[in-house]
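Student: Next come a sequence and a model predicted from it.
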Amino acid sequence: MSMLNSLDQNAVDVVQGEDRTGGADRSQAWDRVRRRLRAELGDDVFSSWFGRLELVDVCDGVAHLSVPTRFLKSWIQSHYTDRLRALLVAECAGVVDLSLAVRTAVQARPALRVQPDAPSAGPAPRAERAAVPAVAEKQVPVDADGLQGSPLDRRLTFASFLVGRSNALAHAAGERVARIEAGAAPLYNPLYVHASVGLGKTHLLQAVAHDVLAAGKRVIYLTADRFMYGFVAALKAQTALAFKERLRGIDLLVIDDVQFLQGKSIQQEFCHTINALIDAGRQVVIAADRPPAELESLDERVRSRLAGGLVVEMGSLDEPLRIKILEARIAAARQHHPGFEVSPPVMAYVARVITTNGRDLDGAVNRLLAHTTLSGLAPTVESAETAIRDLVRSREPRKVRIEDIQKLVATHYNVSRADILSSRRSAGVVKPRQIAMYLAKQLTLRSLPEIGRRFGGRDHTTVLHAVRKIDGAVACDPGLREDVELLKRMLQD
């Protein structure tokens, strides 16, 4: 069956949704988005950050939003873009992305095509900037043989990328890929970078794209949703073959946030595209928020292809790197606000208590700048504690993987992981298998069908039976309850 005939229904809905979203429906959908934000965040947070956020237009699948100040724009982009995008996609038919602008700068509504040639908020909020504060957007659209990708931010280069222990390997791999000599075969293909939000994935990817583009090569940078939208729009315009041919004629393909790639047909086309590029000796660079093996929503062939190159993790920012990031952001902010000074003790306090990601460090600098601007006083440790208290997050428990559960339970009960995944029905294997399924349901967010698939392709009813059986046994067997609690502590520590 051809790609055109096998297009998923969800992709068709994206195309048809553009025509279904009229003015009245759009207004009602935006009201629903605002109500959900208010319910999730509370009245105070909603009024502070979203009370003056307006929907300007929906054009070619992009919801154009506006706010009255640059400060609001920067704050929303740094902290709420992903959630806002998810609500817009859920409530507004046909919307696949958003663009945020300052209201005084909003001109005529843009006429966007397959890929927007005006700067949008698609890549900007996900660009985990390692050194540059929230200032005026400077972006460069990248074009590859007429196929436009997401715009590149001029600031996200290797020169502005701050290196620490957590990202040194990924940085070295990115530089090697970007600066390989002309005619040489790619060293790491694909290069796959994974990290949690705000740790610099997008900055590194765009830095690679900038260097390769500067060498005169053909480059396209796309987020996963842009890839999906471009492919669906090409199908609608009956130009899918030309879309695919142009995409495969480039020298470097960069795909960001590949965990959002959905739809069997689109995943197949994505797999065909990277296969064709790699087989032709062209470079592919991919980023996601987890390793390839944990992308359960992707087809196994796609995961296998992604895992076949160099897979590099960018870890949490260590304290010295957080200090470097704060120093760079404060120095950049001082160019626009010469009186802005932050003492070393205040900087050390902020770096010590904000440990999650670079976006929260952005928010902290914005808060300290607002304090200085409004009060006329340099921030102290006490005032900084008050200003950034909502950014200080409690340490999240360790993320538990199903593979870790299987290995630990197998070791504890002196069986192999292969036994747990097998069809063996002996008592010595069934009990550990059921305990592992029970722990997977208790300690992960995976659904019953997903857990069953990770346990040798079992049905979800088998998992449900195991969960209920162990739940009942734990209630009446102190020895088993102690075993299960011990396993839980070992997995979470």
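Tutor: That came through, no problem. Computed from a prediction, not measured in an experiment: that's the story for all the values here.

Student: Next up, the contacts around residue 475.
Tutor: By Cβ atoms under 8 Å, 6 or more residues apart in numbering, the contact set of residue 475 is residue 481. Just so you know, the C-beta spots here come from the backbone N, C-alpha and C atoms, and that holds for glycine as well.

Student: do you know how far it is from residue 468?
Tutor: Distance, residue 475 to residue 468, by Cβ to Cβ, to the nearest Å: 11 Å.

Student: if I've got this straight, residue 65 is in a helix?
Tutor: No. Checked against DSSP: H, G, I helix; E, B strand; the rest coil, residue 65 lies outside a helix; its state is strand.

Student: for the residue lying closest to it once chain neighbours are set aside, phi and psi?
Tutor: Spatially, and ignoring its direct neighbours in sequence, residue 65 is nearest to residue 100 (5.0 Å; Cβ to Cβ, 6 or more residues apart in numbering). Dihedral angles of residue 100 (phi, psi; degrees, to the nearest 10) stand at phi -120, psi 130.

Student: these two touch, right, residue 100 and residue 74?
Tutor: No. The pair residue 100 / residue 74 is not scored as a contact, 9.6 Å apart, by Cβ atoms under 8 Å.

Student: Need the three-state assignment for residue 164.
Tutor: Applying three-state DSSP: residue 164 is coil.

Student: How about the contacts made by it?
Tutor: By Cβ under 8 Å, 6+ apart, the neighbours of residue 164 are 317-318, 320-321, 324.

Student: Then residue 456?
Tutor: 421-423.

Student: Does it fall in a helix, a strand, or a coil region?
Tutor: Residue 456, by the three-state scheme (three-state DSSP), is coil.

Student: Spatially central residue in this protein, please.
Tutor: With distances taken as Cα atoms, centre = their mean, the chain has residue 257 as the residue nearest its mean C-alpha position (4.9 Å).

Student: pLDDT at that one, what is it?
Tutor: Looking at residue 257, its pLDDT is 88.

Student: where's it relative to residue 97, distance?
Tutor: Residue 257 is 11 Å from residue 97, by Cβ to Cβ.

Student: for residue 213, same thing?
Tutor: 23 Å.

Student: Please apply the same query to residue 218.
Tutor: For residue 218, the distance to residue 97 - Cβ to Cβ - is 24 Å.

Student: which one of these two has more residues nearby?
Tutor: residue 97 (22 against 18; other Cβ atoms under 10 Å).

Student: backbone phi and psi for the more buried one, please?
Tutor: According to degrees, to the nearest 10, residue 97 has phi -160, psi 170.

Student: Isn't the residue nearest to the centre of the chain up against residue 295?
Tutor: No. The criterion here is Cβ under 8 Å, and residue 257 misses it with residue 295 at 11.2 Å.

Student: Find residues that contact each of these two.
Tutor: In contact with both residue 257 and residue 295: residue 288, using Cβ under 8 Å, 6+ apart.

Student: Setting the sequence-adjacent residues aside, check what's closest to residue 287.
Tutor: Nearest to residue 287 is residue 201, by Cβ to Cβ, 6+ apart, at 4.3 Å.

Student: measure the one you found to residue 282 for me?
Tutor: Residue 201 is 21 Å from residue 282, by Cβ to Cβ.

Student: More neighbours: which of those two?
Tutor: Neighbours per residue (other Cβ under 10 Å) separate residue 201 from residue 282, with residue 201 holding more: 25 against 19.

Student: Quick check: phi and psi at the more buried one.
Tutor: phi -60, psi -50.

Student: Isn't it up against residue 194?
Tutor: Yes. Contact criterion Cβ under 8 Å: residue 201 and residue 194 qualify, at 7.5 Å.

Student: Overlap in contacts, those two.
Tutor: With Cβ under 8 Å, 6+ apart as the test, residue 201 and residue 194 both reach 287, 289, 314.
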